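Colleague: 3D model of this:
(2 chains)
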2 protein chains.
Amino acid sequence: MASEAASIIGVDLGGTKILVGSVDAGGKVSHLARDLTHAEEGADRVIARLADLIDGVKAKLGSSHVAAVSLGVPGGVNSEAGVVDKAPNLGWENVPLSDALEKRVGAPVFLDNDVRVAVVGEHAHGAGRGTHAMVGVWVGTGIGGGIIVDGRLHRGQRGVAGEIGHSIVDRKGPKCNCGNRGCIEALASRTAIERDLRKAIKRGAKSAALKRMKKEGRDTLSSGIIARLLSDGDPALTKVFARAQKMLGLFTANLINLLDPEVVVFGGGIAERLGEDFVAPIRAVAHEHLLSKRDLAKVRVVATELGEVAPIAGAAFLARQRLASHPLANRATVG
Amino acid sequence: MASEAASIIGVDLGGTKILVGSVDAGGKVSHLARDLTHAEEGADRVIARLADLIDGVKAKLGSSHVAAVSLGVPGGVNSEAGVVDKAPNLGWENVPLSDALEKRVGAPVFLDNDVRVAVVGEHAHGAGRGTHAMVGVWVGTGIGGGIIVDGRLHRGQRGVAGEIGHSIVDRKGPKCNCGNRGCIEALASRTAIERDLRKAIKRGAKSAALKRMKKEGRDTLSSGIIARLLSDGDPALTKVFARAQKMLGLFTANLINLLDPEVVVFGGGIAERLGEDFVAPIRAVAHEHLLSKRDLAKVRVVATELGEVAPIAGAAFLARQRLASHPLANRATVG
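Modeller: Sure, this is the predicted structure:
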């Protein structure tokens, strides 16, 4: 049974790592625990690892009651059924995650898409606090997002609203993973930045990127490496990165022209690390390209406040809402 | 005082013509009357003409009570103050239209943007009936629109939401009136179609367009002429028009990826005349470019059902909402 005071355990299940924490009714996250996902070991082992992490946080909470566990998952989910439909980064298809975890942790288990819960977290407790309309843009290997209207997550008729990464901004631009051309994800994701950087280096542009990646034993450009190279003034990356920011600025203008939200919040690894340095040029380009310049100062474009705990806070927030509307609920009955 | 049974007089004030009608509580439009706007004669004369038309419809209504007059205006408005901020097609700036008309017609006078009221009309009584989320795309000399979320018009924090014409789809594309490049308005409005057609003709493409325009005494390409040329199989226009439909299809995919609405409704002169012939290729391109193909049959892309009376029905609908929430209201107190 849920009580206001009970904690909810929030989980960010990523392709690389798992982050777990307890969240109180005010959105405060504590007792963080983390582990690597090791998705290659298969769903059963990942679920066992999740259960262990959750048990660990429960133990730290001592006698206080855990009302639910709630997860953000990197992929398509059926929240009502508690099933992960498809999560390419985990190699999962049709995994009944809620049922499997409920047996292990003895509490109702909710799940939703990871970016969506991060956006909800940022709206409930972070940079979007108190706003009626907000758009969240999460920039990582891809670009995901979420839309808040009338203070609530807008899910759409098929439950797939917020696929903002696949907005076509440059219809003759580079090919996107989705098959289209010039989606914002193909222009400004970390993957797109790495593609453009490698191309520039091949053409002879100066960059320490490859050396740095080798040194850190990585074969892709992480947000940590991006931040480091930028602070070193790396010539090629600086240029490629500024171009990605410009694309995000045009895209942000589109979003604001369309929805006129109180705030557009940028999240994901790069936004977490660079904060205002990341969003300032995006904001400038967006403001410049808006149709209505009325009350421009009210049009906020900001970086995540919650950083890595946004998904945990958001997942817990959604679970609390479900429990509040169905106080006797277990997950199977609250769809 | 408003009663459920009272009629509301809806007005579509256009740059070229004025259309007025009475609207009952069920959204039925009757007693249509129309006149040319003659904006060049100045605001006072246009307002006098509006008052005459409204009086005419009142006379036809006989003894039945008129609860309010409600207008759609082609431009930026301050609905609360009843002021037309800026309407380039009328040459108006800061015209206190509601006050001026209230003195003449003896009923509260509301106003809103013309495309916005058309979208509301289509949602309340037309192709979007009963939907929670709908996007309206109105294609004319420009491209305007409106977004319905949770069954209500989404106005945004500054009241400027729905400026969908200025979504950048082709960032290296043709220059738009707004100063940016490749906005959907610069790719697929009637103005863009005419520009591309003239360019094609200059390059030697075969078209009867210029002859037809001359014959009809017009110096621009009207939707009537477009429809006629298409049905004649005009080679240059057929090609240019198909390209505009393709651009609208890409743009519609963006909208659906973002908002996952139950329906996207196309309105404006071309959509009114061509109906399904206009939207079928748009729908096909949109469906092809969607990220999530789940329940594709539920993703409706359709033409306006109400046609030219959509703004009248929508303006009346908004007025009825305002009167219902403030039964003793005159316009000045319901902001």
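
Colleague: all strands for chain A, in order.
Modeller: Along chain A, counting by DSSP state E, strands occupy A:7-13, A:17-23, A:29-36, A:66-73, A:76-78, A:83-87, A:92-95, A:109-113, A:134-139, A:143-149, A:152-153, A:263-267, A:300-303.

Colleague: my guess is A:Gln200 meets A:Lys239, correct?
Modeller: Just to correct that, residue A:200 is Ala rather than Gln. Yes - if you go by C-beta atoms under 8 Å, A:Ala200 and A:Lys239 touch, sitting 7.2 Å apart. Where C-beta positions appear, they are placed from N, C-alpha and C, glycine not excepted.

Colleague: could you find the closest non-adjacent residue to A:Ala161?
Modeller: B:Asp260 (3.8 Å; C-beta to C-beta, 6 or more residues apart in numbering or on different chains).

Colleague: wait, that neighbour touches A:Leu153, no?
Modeller: No - look at B:Asp260 against A:Leu153 with C-beta under 8 Å: they stay out of range, at 11.9 Å.

Colleague: spatially central residue for chain A, please.
Modeller: Of all residues in chain A, the one closest to the mean position by C-alpha atoms, centre = their mean is A:Val115, 3.2 Å from it.

Colleague: neighbours of the closest residue to A:Asp196 other than its chain neighbours, how many?
Modeller: Excluding its sequence neighbours, the residue lying closest to A:Asp196 (C-beta to C-beta, 6+ apart) is A:Val240, at 4.5 Å. Neighbours of A:Val240 under the rule other C-beta atoms under 10 Å in any protein chain shown: 26.

Colleague: any idea how far chain B is from A:Val240?
Modeller: A:Val240 sits 17 Å away from chain B, going by C-beta to the nearest C-beta, to the nearest Å.

Colleague: which ones are touching that residue?
Modeller: The contact partners of A:Val240, taken as C-beta atoms under 8 Å, 6 or more residues apart in numbering or on different chains, are A:Ile193, A:Asp196, A:Leu197, A:Ala200.

Colleague: could you find the closest non-adjacent residue to A:Ala284?
Modeller: Excluding the flanking residues, the one nearest A:Ala284 by C-beta to C-beta, 6+ apart is A:Gly249, at 6.9 Å.

Colleague: whoops, I mixed them up, A:Asp170
Modeller: Distances taken as C-beta to C-beta, 6+ apart put A:Gly182 closest to A:Asp170, at 3.5 Å, once the chain neighbours are dropped.

Colleague: that neighbour contacts A:Gly165, correct?
Modeller: No - counting by C-beta under 8 Å, A:Gly182 stays clear of A:Gly165, with 12.0 Å between them.

Colleague: who's more crowded, the two?
Modeller: Higher neighbour count among A:Gly182 and A:Gly165: A:Gly165, with 27 against 23, using other C-beta under 10 Å.

Colleague: which ones are touching the more buried one?
Modeller: A:Gly142, A:Ile143, A:Gly144, A:Gly145, A:Cys183, A:Ile184, A:Glu185, A:Ser189.

Colleague: scan those and report the most crowded one.
Modeller: Greatest neighbour count in the contacts of A:Gly165, by other C-beta under 10 Å, goes to A:Cys183: 34 neighbours.

Colleague: which elements pack onto the helix or strand of chain A with the lowest mean pLDDT?
Modeller: The weakest-scoring helix or strand in chain A, judged by mean pLDDT, DSSP states H and E, is strand A:76-78 (a mean of 90). Here strand A:76-78 touches strand A:83-87, strand A:109-113, going by 3 or more C-beta pairs under 8 Å, 6 or more residues apart in numbering or on different chains; DSSP states H and E.

Colleague: what about the helices in the stretch 201-335 of chain A?
Modeller: For the stretch 201-335 of chain A, the helices defined by DSSP state H, counting those that start in this stretch occupy A:209-215, A:223-231, A:235-259, A:269-274, A:276-289, A:310-325.

Colleague: contacting residues around the fifth one?
Modeller: Residues lying outside helix A:276-289 but in contact with it, judged by C-beta under 8 Å, 6+ apart, are A:230, A:242, A:245-246, A:248-250, A:252-253, A:256, A:264, A:266, A:270-271, A:293, A:296, A:299, A:301-303, B:168, B:180.

Colleague: what's the spacing between the residue of chain A positioned farthest from its centre and chain B?
Modeller: Farthest-out residue of chain A from its mean C-alpha position, per C-alpha atoms, centre = their mean: A:Gly204, at 34.3 Å. Taking C-beta to the nearest C-beta as the measure, A:Gly204 falls 25 Å from chain B.

Colleague: now swap in A:Gly267 and tell me
Modeller: A:Gly267 sits 17 Å away from chain B, taking C-beta to the nearest C-beta as the criterion.

Colleague: and that residue, bridged to which residues?
Modeller: A:Trp138 (DSSP bridges).

Colleague: ok, it touching A:Ile143?
Modeller: No - between A:Gly267 and A:Ile143 there is no contact under C-beta under 8 Å: 10.6 Å.

Colleague: shared neighbours of the two, which are they?
Modeller: Counting by C-beta under 8 Å, 6+ apart, the residues touching both A:Gly267 and A:Ile143 are A:Val137.

Colleague: circling back: just name the most buried of the helices and strands packed on strand A:76-78.
Modeller: strand A:109-113 (a mean of 25; mean count of other C-beta atoms under 10 Å in any protein chain shown).

Colleague: out of the strands of chain A, which gets the lowest mean score?
Modeller: If you rank these by mean pLDDT, strand A:76-78 sits at the bottom with a mean of 90.

Colleague: in its sheet, what does that strand sit against?
Modeller: strand A:83-87 (antiparallel).

Colleague: about what we covered before: in a markdown table, list the contacts of A:Val240 along with neighbour count.
Modeller: Compiled in a markdown table, the contacts of A:Val240 are given as follows (neighbours: other C-beta atoms under 10 Å in any protein chain shown):
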| residue | neighbour count |
| --- | --- |
| A:Ile193 | 22 |
| A:Asp196 | 20 |
| A:Leu197 | 24 |
| A:Ala200 | 18 |
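
Colleague: give me the low-pLDDT residue ranges for chain A?
Modeller: A:1-5, A:326-335 (pLDDT under 70).

Colleague: and A:Arg155, what does it touch?
Modeller: Shown in contact with A:Arg155 (C-beta under 8 Å, 6+ apart): A:Ala161, A:Gly162, B:Asp260.

Colleague: actually A:Pro311, sorry about that
Modeller: Residues in contact with A:Pro311 (C-beta under 8 Å, 6+ apart) are A:Gly10, A:Asp12, A:Leu19, A:Gly72, A:Asp114, A:Val117, A:Ala118, A:Gly121.

Colleague: circling back: mind checking which of the contacts of helix A:276-289 are buried?
Modeller: A:230, A:245-246, A:248-250, A:252-253, A:256, A:264, A:266, A:270-271, A:299, A:301-303, B:168, B:180 (16 or more other C-beta atoms under 10 Å in any protein chain shown).
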